[in-house]
Structure formats: C-alpha cells, structure tokens
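Trainee: model this:
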Amino acid sequence: MKKIRYVLALAFLFSATTIFAQQEKQITENKIFNHMDVALNLGTTGIGFELATPVTDWVQLRTGFSFIPKFKPTINFDIQVGDDPATSQSKFEQMSSILEGMLGNEVNNSIDMKGVPNFNNWTFLVDVFPFKSNRHWHFTAGFYLGSSTVANAYNTTEDMPSLIAVDMYNNMYDYFVSEKYWDEPIYGDMFIDPEVGDALRDKLSNYGRMGVNMGEYSHDILNEKGEVVHKKGDKYLMTPDKNSMVKARVLVNKFKPYVGFGYGGRLLKNNDRAKVSFDCGVMMWGGTPSLVTHDGTDLIKDVDNVPGKVGDYADAISGLKVFPVLNLRLSYRLF
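Mentor: From the prediction side, this is the model:
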C-alpha cells in the first residue's frame, strides 16, 4: 500500500513538473509576461509613471499613475452691491466704512481666488501592434480612473475680512428686508425700534444684496420643492458660504475611457532597452464638465455672460467634450 502511495506521489510530482515546464516554455516562446518596462510620461495628463509588459508578440499591457503638479493661478472678482454695476461702487464705498468700523479691518471690493489642479488618475491601457512589418505604430484602448473633481478654486486668506464683511452685510440685509426686527432681536436680547427698522429696511432694499457678480441665470432655478427661486435673466450674485468663503470646482466622471494611437522606437542606436514613444488620443470624461460653485450653481449650464477671466475659463471648459491626450513616453526595459 505504501509503495502505491509513493508511486502515485511521484507520478503527480512528475506530471506537475512537466506541466509547469510546458507552460514556462509556452510563456518564453510566446513572450508572455517575460519582459517588464518602467516608463516616465510627460504631457497633457501631467507627469506619469508606468509599468508595461507584453502579453503576446502584438499586445502590451500598461498600468500606472499620472498627476498634474500643483500650481495656483489667481482669478480676480469684484464685489457688487445690488444688481446695477453702475451704482455698485458708490454703494460699496458707503457701506464699507461702516463695516470696517465693525470689523477693525480694511474691506476691499476685490476678491482673489486661487485655482488648484486635482487631475490625478490611475491608468490601465492595452497597446496593439497590428503591423508585422512595422512595429513602431500602435493603437491603444483603456481607461483613466481618478477623482471626479479635477480642479478647485477658493478665496485667498488675505481676502477673508472682506468676505466676512459681505456676510455681515447680507445678514443685516436679510434681517431688515424680511422685517424680522418686529419679532426677533438683532443681537442677544436687543430689539430694534420698528421705526428705525423700517427706515433701514427701505435703505437696504434700495441697495440690494452684496456679492460677486457672476452673470445671469440662463433658466429658471428651482428649489427642492419645485418652486422658482431665481428667474431666467436674474443676476447671479455669488455670496460667501457659512464659513465666509467662496469656492468652485470642475467636475467630470471618475471613470474615463481612452482611445488613441502612438509611435515609438529606440532612444539610443543599437540599444533595445531604452525607448521613446509618443501617444495621442482622447479621454472621454463624460461630455461637458461642470464648473460648480459652493452653492451648487453650475457656471456652464446655469449661468450666461460670466464676466472676466472666469468667463474665459467657463467658455474654454465648456468646449472640452473630451480631454485631449498628447504624451511623450520614455521607457527602460528592466528584464
């Protein structure tokens, strides 16, 4: 009985060794996973690092990570009081002296925002080399996977006093225009005399709310109940959030399919390890991106006539239905 077990064990071991040897021979002959390249990418997707390995003589797999380095271009906005830009400056000057006295800081009518890219992606790509007589050309399909937020913008720290002043003014505006002074204290247990309240209501109603002019609404804006809160053509004054900040972000799909083509060859003569190639294609990131402010307004889909640099950015982004990819790739074969 023991001899039979030994014979069976030896037979199993021999069979496994034979199968492994055949598979290893097949992998070697077909060049499956028998090489590994490491690569550096530079281009419109930023800086990237990749690993690549052949699957067959005509198919290669690539995976890696790419990112756009952090840089912070500045975008400038003007604070506006009311809907009429022609009278906004004089209104702001009258109110700013009062607000400066309350805050103890200078209040400016100009706000700077810093834009920061957040375009970071994992990649999985399949290269196909269809021409036996010319192995330089390849076609590529795959995907990029990353955050749905590809860029952020937020106000600078230096402009926080001005935004706090805007927030204070709007709170006063809402308090008096809605006539809360009849039933609610303005601070603690302090109530406003109704006659004084009526006078301030009339004055502030004439002034209007304070915020950053971002254009006009392109359609009626509804709340969660389906009620119209802003009509088409109304001015969109962006006001600070609960933390007295103004923010915006560019949104696309997390999963972004890619198709393209490329051309490559030796980087150095008589050296098959170091290679250079170029990739050109399109990343499909879900149609027109969204440029959404902190209050949920999409400057591309909800607003027309966005002024200044922001309008230029919004126009440029709205034209990018797909993201163009043009990369230089430097690779080196590890084994």
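
Trainee: Let me see the ranges of the strands in the stretch 101-250 of the chain.
Mentor: Secondary structure of the stretch 101-250 of the chain (DSSP state E, counting those that start in this stretch): strands at 110-117, 120-128, 137-146, 149-155, 210-217, 221-222, 228-230, 235-238, 247-251.

Trainee: What's the mean pLDDT across the fifth one?
Mentor: For strand 210-217, the per-residue pLDDT values average out at 90.

Trainee: domain ranges for the protein?
Mentor: Annotated domains of the chain cover 1-30, 31-333 [automatic domain parsing].

Trainee: Where among the ones you listed is average confidence lowest?
Mentor: domain 1-30 (a mean of 42).

Trainee: quick one on the thing from earlier: can you check which of the strands of the stretch 101-250 of the chain gets nearest to residue 332?
Mentor: Residue 332 lies closest, by Cβ to Cβ, to one member of the strands of the stretch 101-250 of the chain: strand 120-128, at 16.6 Å. Yep, even glycine has a C-beta here, placed from its N, CA and C like the rest.

Trainee: Given that closest one, what are its sheet partners and their directions?
Mentor: Sheet pairing of strand 120-128 (DSSP bridges) gives strand 59-67 (antiparallel), strand 137-146 (antiparallel).

Trainee: which residue ends up closest to the midpoint of this structure in space?
Mentor: In the chain, the centroid-proximal residue (Cα atoms, centre = their mean) is residue 150; its distance is 1.7 Å.

Trainee: right, and that one touches residue 252 too?
Mentor: Yes - shown here, residue 150 and residue 252 form a contact pair, counting by Cβ atoms under 8 Å, at 5.6 Å.

Trainee: Find the residues that touch each one of these two.
Mentor: 285, 289 (Cβ atoms under 8 Å, 6 or more residues apart in numbering).

Trainee: circling back to that earlier point, make CSV out of the strands of the stretch 101-250 of the chain and add distance to residue 63.
Mentor: Below are the strands of the stretch 101-250 of the chain laid out as CSV (distance: least, Cβ to Cβ, whole Å):
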stretch, distance to residue 63
strand 110-117, 22
strand 120-128, 5
strand 137-146, 9
strand 149-155, 21
strand 210-217, 41
strand 221-222, 43
strand 228-230, 46
strand 235-238, 41
strand 247-251, 25
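
Trainee: Out of the ones you listed, which is closest to residue 303?
Mentor: strand 210-217 (4.5 Å).

Trainee: Can you list the strands that that closest one pairs with?
Mentor: When DSSP bridges is applied, strand 210-217 pairs with strand 74-81 (antiparallel), strand 235-238 (antiparallel), strand 303-304 (antiparallel).

Trainee: follow-up on the earlier one: which ones are touching the residue nearest to the centre of the chain?
Mentor: 117, 118, 119, 250, 251, 252, 285, 289.

Trainee: beta partners for the first one?
Mentor: Each beta-bridge partner of residue 117 is listed here: residue 151, as defined by DSSP bridges.

Trainee: Distance check, it against residue 44.
Mentor: Look at residue 117 and residue 44: by Cβ to Cβ, to the nearest Å, they are 12 Å apart.

Trainee: more crowded one of the two?
Mentor: More neighbours surround residue 117 than the other of residue 117 and residue 44, with 17 against 14 (other Cβ atoms under 10 Å).

Trainee: Does the more buried one touch residue 68 like I think?
Mentor: Yes - Residue 117 sits in contact with residue 68 when judged by Cβ under 8 Å, with a separation of 4.4 Å.

Trainee: Show me the helices in the protein, by range?
Mentor: Assigned by DSSP state H, the helices in the chain fall at 2-30, 85-103, 160-177, 194-207, 308-318.

Trainee: circling back to that earlier point, make TSV from the strands paired with strand 120-128 and add distance to residue 259 and mean neighbour count to it.
Mentor: Output for these, formatted as TSV (distance: least, Cβ to Cβ, whole Å; neighbours: other Cβ atoms under 10 Å):
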stretch	distance to residue 259	mean neighbour count
strand 59-67	14	17
strand 137-146	5	18
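
Trainee: any chance of those in CSV, plus distance to residue 196?
Mentor: CSV is the format used below for the strands paired with strand 120-128 (distance: least, Cβ to Cβ, whole Å):
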stretch, distance to residue 196
strand 59-67, 57
strand 137-146, 56
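
Trainee: Could you point out which of these sits nearest residue 235?
Mentor: Distance to residue 235, taken as Cβ to Cβ, is lowest for strand 137-146 among the strands paired with strand 120-128, at 35.4 Å.

Trainee: if we look at that closest one, which residues are touching it?
Mentor: With Cβ under 8 Å, 6+ apart, strand 137-146 has contacts from 45, 60, 62, 66, 119-131, 254-264, 277, 279, 281, 283.

Trainee: CA-only coordinates of that strand in PDB, if you can.
Mentor: Extracted in PDB, the C-alpha atoms of strand 137-146 (Å, rounded to 0.1, in the frame of the first residue of the first chain):
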ATOM      1  CA  TRP A 137       3.000  52.100 -34.600                       C
ATOM      2  CA  HIS A 138       0.400  51.000 -32.000                       C
ATOM      3  CA  PHE A 139      -3.200  51.600 -31.200                       C
ATOM      4  CA  THR A 140      -4.400  51.900 -27.600                       C
ATOM      5  CA  ALA A 141      -7.600  51.500 -25.600                       C
ATOM      6  CA  GLY A 142      -8.100  51.600 -21.900                       C
ATOM      7  CA  PHE A 143      -9.200  53.900 -19.100                       C
ATOM      8  CA  TYR A 144      -8.200  56.500 -16.600                       C
ATOM      9  CA  LEU A 145      -9.700  56.400 -13.100                       C
ATOM     10  CA  GLY A 146      -9.500  59.300 -10.700                       C
END
